[in-house]
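**Student:** Dropping the sequence and predicted coords here.
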Amino acid sequence: MKMDARPPVLGTDALHVSVGARDVCRGLDFTLQPADTLVILGRNGAGKSTLLHTLAGLRAPAGGSVLLSGQPYAAWPRGHEACLRGLLAQSQPDFFSATVLETALVGRHPYLGRWDWEGPEDEAIAMVALEQMGLAGFAERQVPTLSGGERQRLAIAALLVQQPRLYLLDEPLAHLDLHHQIQVLDHFAMLAAGGAGVTMVLHDINLAARYASHVLLLDGEGGHAFGRAAEILTAPRLSAAFGHPLRAVQDGDTTLFVPA
Amino acid sequence: MSAALGPDHARRGASVQGDALPDAGRAAAVAVAGAVRRRGYRRAWLVIAGLVAAALAAFAWALMAGALPVSSDAMLAALTGAGGSMEADIVRTLRLPRAVAAFACGGLLALAGALMQVLLRNPLADPYVLGISGGAAVGALGAILAGLGGGWIDASAAIGALGATLLVFGLAHGDGSWTQTRLLLTGVIVAAGCGAAVALMLSLAPEGRVKGMLFWLMGDASSATRPWPALVLLVLGLVAVLPFARELNLLTRGEVTARALGVRVGRLRGLVYGLGSLLTAVAVTTIGSVGFVGLIVPHLVRLAIGNDQRLLLPAATLAGGVLLTVADTAARTVVAPIQLPVGVLTALIGVPVFLFLLARHPR
């Protein structure tokens, strides 16, 4: 199938998301094509995670619809949506010990039948993902012995093992040092260049400017601005959304935003 | 902007690929992965094989030991139906039902405990913490207090267990969200209430009935004359839950992650809670209230073979059966002719072993 014949990775139609009596967004319409990277920005409590869960089909919207690869979630055969979209959750609980390899292999779940066990191909996919996240030598380690950043990279590796078409990332850079932040974002940029769709919640405006093709800016009161990154990432809009004055600083071709 | 960044992204992505291991290294890494998992599985299957052997040994001991020692030849003759002696009669009508009851109930309690621990994502959960056994105790003691006979005690205990389950489930499900903290707290409160009700009944009961009540509370396999339903349910329960074992593994990774991977979490939790309650209700109606098995056995097995539910659930079931069979046989032979409550022995065996293993594995 040629790439331009494929349906959009993700789309919304008049999407209305609310938490209790508070609106996260009203009348949100957007389309995410293959190779697009959408960054969702907004202040604490604006509902970014709630919106991401709604886009993942885990939460019913208050109105409107979410289309995954051109169809509503309900139209996909049960379980098939997990082969199409993956979600990196904000927190990674570990109540019970497990090895790093076992944890990465959970990403194969959507591809296995009820009685199947993970086979050599699944192990190969998991090992490649661990190695891509810099965890190649960690396969036998117990998860509770890992540092916060290592656990975050393990969660990302488990998501890579899932091999979805749409990646939904809730603060993928949490606990990561600078080197790994860039490594992770580069990796998702590579996946996007290969035709995947990426939607992520970030807090770093300058990293958003560097990696996003599109930006969705939530104002925390139900209003939003969606568009190409360069259109949305302007000092006045960002200052208003974050409630803190920001200044744009030019460095060659790159615009940097610094808090005033 | 994306058009400008696109090729740049691709190039940087390629460099990440370039940093990755060469093909030979990748093949080696995959071989390592295979070796790691095979080592884990081999250990797990060895543990399960060892538990099967231990179960056979425990049964042999349970059938041979007692006031009238039975030789291994006589035991085998009795089991194959050949012997018509008094020994054969004792083995077939007294010791075998009792051993089967102990094994089945140990397995039921351990399986229920393992399921509850995954359900609540809390290694301290078990049927006792959640008040299910407490409900059964209130039902059974109420029946004893009212002077009702054996069948009524069982039925009343089952009703008590299911009643406590529905109460905990209903209250914790109150506003539609299934938070594990509320479930655990509700269970603890219901268990506390049941404990108070039990204490009240014990203090109100006439002298002659208190001993029977205490024995029921601490667990008693001597009255288990019909153990086969418990064994059948144990096998059915295990067969019913194993197809969902990998989904249970995902549930330990957190609800959001499990749902994102396609697990129907609500349905799975209902299944696990319902099955866990049923298993517990049947165990407590068969053998009374036996503590520590549901808490300690899954823990011990987890320390030995890890937390893959596909291996943990059958291994914990076997280990629970072995523990209770051994404990019950010891309870009736160690200070014979006095019979100890088996629940006291499971605690005496389980607690030190558990503390030792916990100290040895600082996790």
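**Tutor:** That came in fine, so what should we check first?

**Student:** And what about the closest residue to chain B within the stretch 101-250 of chain A, helix, strand or coil?
**Tutor:** Closest to chain B within the stretch 101-250 of chain A is residue A:190: 2.3 Å, counting by CB to the nearest CB. To be clear about C-beta, it is placed using only N, CA and C from the backbone, and glycine gets the same treatment. Judged by DSSP: H, G, I helix; E, B strand; the rest coil, the three-state class of residue A:190 is helix.

**Student:** do residue B:340 as well
**Tutor:** Classification of residue B:340 using three-state DSSP returns coil.

**Student:** pLDDT at the nearest residue to residue B:256 once chain neighbours are set aside, what is it?
**Tutor:** In space, and not counting its chain neighbours, residue B:256 is closest to residue A:89: 4.2 Å by CB to CB, 6 or more residues apart in numbering or on different chains. Note on residue A:89: pLDDT of 94.

**Student:** Then residue A:181?
**Tutor:** pLDDT recorded at residue A:181 is 97.

**Student:** for the one 10 residues further on, same thing?
**Tutor:** According to the model's per-residue confidence, residue A:191 sits at a pLDDT of 97.

**Student:** That one against residue A:211, yeah?
**Tutor:** No: at 11.8 Å, residue A:191 does not count as touching residue A:211 under the criterion of CB atoms under 8 Å.

**Student:** Neighbour count for these two, which is higher?
**Tutor:** Each of residue A:191 and residue A:211 has its neighbours counted (other CB atoms under 10 Å in any protein chain shown); residue A:211 has more, 24 against 21.

**Student:** From residue A:171, how far out is the residue nearest to residue B:256?
**Tutor:** 10 Å (CB to CB, to the nearest Å).

**Student:** Neighbour count: those two, which is higher?
**Tutor:** Taking neighbours as other CB under 10 Å, residue A:89 and residue A:171 compare with residue A:89 leading, 25 against 19.

**Student:** Please state the offset of the helix or strand harbouring residue B:34 from the chain centre?
**Tutor:** According to DSSP states H and E, residue B:34 maps onto helix B:23-64. Taking CA atoms, centre = their mean, to the nearest Å, one finds helix B:23-64 lying 21 Å from the centre of the chain it belongs to.

**Student:** Residue 99 - how many residues pack around it?
**Tutor:** Chain wasn't specified; assuming chain A. 20.

**Student:** right idea, wrong chain: chain B
**Tutor:** Other residues near residue B:99 come to 25 when the count uses other CB under 10 Å.

**Student:** neighbouring contacts of stretch B:56-64?
**Tutor:** B:70-72, B:75, B:78-79, B:91, B:95-96, B:98-99, B:102-103, B:321-322, B:325-326, B:328-329 (CB atoms under 8 Å, 6 or more residues apart in numbering or on different chains).

**Student:** For the stretch 1-150 of chain B, which segments count as helices?
**Tutor:** B:2-19, B:23-64, B:72-79, B:86-90, B:96-120, B:132-145, B:150-172 (DSSP state H, counting those that start in this stretch).

**Student:** tell me what the shortest one is packed against?
**Tutor:** Pointing back at helix B:86-90 there. Contact here means 3 or more CB pairs under 8 Å, 6 or more residues apart in numbering or on different chains; DSSP states H and E; on that basis helix B:86-90 packs against helix B:72-79.

**Student:** In three-state terms, label residue A:203 for me.
**Tutor:** Secondary structure, three-state DSSP: residue A:203 is coil.

**Student:** distance of the most centrally placed residue in chain B from chain A?
**Tutor:** Centroid-nearest residue in chain B: residue B:110, 1.4 Å away (criterion: CA atoms, centre = their mean). Remark: distance between residue B:110 and chain A (CB to the nearest CB, to the nearest Å) = 16 Å.

**Student:** who touches the residue lying closest to residue A:49 once chain neighbours are set aside in this structure?
**Tutor:** Take residue A:49 and drop its neighbours on the chain: the residue closest to it by CB to CB, 6+ apart is residue A:170, 5.4 Å away. Shown in contact with residue A:170 (CB under 8 Å, 6+ apart): A:48-49, A:52, A:87-90, A:200-201.

**Student:** cool, residue B:286 as well?
**Tutor:** Residues near residue B:286 by CB under 8 Å, 6+ apart: B:101, B:104-105, B:154, B:224, B:227, B:229-230.

**Student:** quick one: low-confidence parts of the stretch 1-150 of chain A?
**Tutor:** Applying pLDDT under 70 to the stretch 1-150 of chain A flags residues A:1-5.

**Student:** now swap in the stretch 101-250 of chain B and tell me
**Tutor:** In the stretch 101-250 of chain B (pLDDT under 70), the answer is B:173-180, B:219, B:221, B:223-225.

**Student:** Show me which residues of it sit near chain A.
**Tutor:** B:117, B:121-123, B:243, B:246-247, B:249-250 (CB under 8 Å from any CB of the partner chain).

**Student:** mind putting the helices of the stretch 1-150 of chain B in CSV, distance to residue B:350 included?
**Tutor:** Output for those, formatted as CSV (distance: least, CB to CB, whole Å):
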stretch, distance to residue B:350
helix B:2-19, 51
helix B:23-64, 15
helix B:72-79, 28
helix B:86-90, 29
helix B:96-120, 11
helix B:132-145, 16
helix B:150-172, 22
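
**Student:** Between helix B:96-120 and whichever helix or strand residue B:330 is part of, find me the angle.
**Tutor:** Under the criterion of DSSP H and E, residue B:330 resides in helix B:309-333. Angle of helix B:309-333 versus helix B:96-120, following axes from the mean of the first three to the mean of the last three CA atoms, to 10 degrees, is 140 degrees.

**Student:** Output the contacting helices and strands for helix B:309-333.
**Tutor:** When contacts are defined as 3+ CB pairs under 8 Å, 6+ apart, helix B:309-333 packs onto helix B:23-64, helix B:96-120, helix B:228-241, helix B:245-251, helix B:293-305, helix B:342-360.

**Student:** close to chain A, is the last one?
**Tutor:** The reference is to helix B:342-360. No: using CB under 8 Å from any CB, helix B:342-360 never reaches chain A; the gap is at least 12.7 Å.

**Student:** count of neighbours near whatever residue of the stretch 51-200 of chain B ends up closest to chain A?
**Tutor:** Closest residue of the stretch 51-200 of chain B to chain A, CB to the nearest CB: residue B:121 (4.3 Å). Neighbourhood size, residue B:121 [other CB under 10 Å]: 18.

**Student:** Check residue A:237 too.
**Tutor:** Residue A:237: 18 neighbours (other CB under 10 Å).

**Student:** One more: the one 4 residues further on?
**Tutor:** Summarising burial for residue A:241: neighbours were counted as other CB under 10 Å, giving 22.
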